[in-house]
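>>> I need the structure of the sequence given here:
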Amino acid sequence: MDSFYTVNELSDKLKYSRSTIYRWISEKSIPFQRLGREIRFTENDVMQIIHQKTISGQKEQHYGYWQ
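As a prediction, the model looks like this:
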C-alpha cells in the first residue's frame, strides 16, 4: 500500500509553496486523492507530479521566484 502525503508534506518534498500546491489542485493539474475533506497524495501521485512538471516546461513560481 502506498504511503500518503499531506499538502504540507508535498510542499516540503517538492519545495513548492502550499499556495502553489492548492492552486494546482484547484486547476486539477496534478493528481490527488480526497479522503473525506482531506487531500492526500500517493507516492505514485508524487512521481507523476514530478514527471509532469519536469517535462512540461511550465514556468512556475517557486517560493516567490519564477523558474
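>>> if we go by neighbour counts, what in the lengthiest helix in the chain is buried?
Ordering each helix of the chain by length in residues (DSSP state H) puts helix 43-55 first. Judged by neighbour count using 16 or more other Cβ atoms under 10 Å, the buried positions of helix 43-55 are Asp45, Val46, Ile49, Lys53. Heads up, the C-betas are built off the backbone N, CA and C, glycines and all.
>>> quick check: the second one touching Leu10?
Okay, so that is Val46. Yes: shown here, Val46 and Leu10 form a contact pair, counting by Cβ atoms under 8 Å, at 6.7 Å.
>>> which pLDDT value belongs to the spatially most central residue of the chain?
Computing the C-alpha centroid of the chain and ranking residues by Cα atoms, centre = their mean puts Ile21 first, at 4.9 Å. pLDDT recorded at Ile21 is 93.
>>> element containing it?
Element membership of Ile21, judged by DSSP states H and E, is helix 18-26.
>>> elements contacting that helix?
Applying 3 or more Cβ pairs under 8 Å, 6 or more residues apart in numbering; DSSP states H and E, we find helix 18-26 packed against helix 7-14.
>>> again, only this time at 10 Å
Under the contact definition 3 or more Cβ pairs under 10 Å, 6 or more residues apart in numbering; DSSP states H and E, helix 18-26 sits against helix 7-14, strand 38-42, helix 43-55, strand 61-62.
>>> quick one: contacts of it?
Outside helix 18-26, the residues within contact range by Cβ atoms under 10 Å, 6 or more residues apart in numbering are 6-8, 10-12, 14, 16-17, 29-32, 34, 39, 41, 49, 52-53, 60-63.
>>> from those residues, list just the buried residues.
The neighbour-count criterion (16+ other Cβ under 10 Å) marks Val7, Leu10, Ser11, Leu14, Tyr16, Ile30, Pro31, Phe32, Ile39, Phe41, Ile49, Lys53 among the contacts of helix 18-26 as buried.
>>> redo the helices and strands packed on helix 18-26 as TSV? Include mean pLDDT and distance to Ile25.
As requested, the helices and strands packed on helix 18-26 are exported to TSV (pLDDT from 0 to 100; distance: least, Cβ to Cβ, whole Å):
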stretch	mean pLDDT	distance to Ile25
helix 7-14	93	8
strand 38-42	94	6
helix 43-55	82	11
strand 61-62	50	15
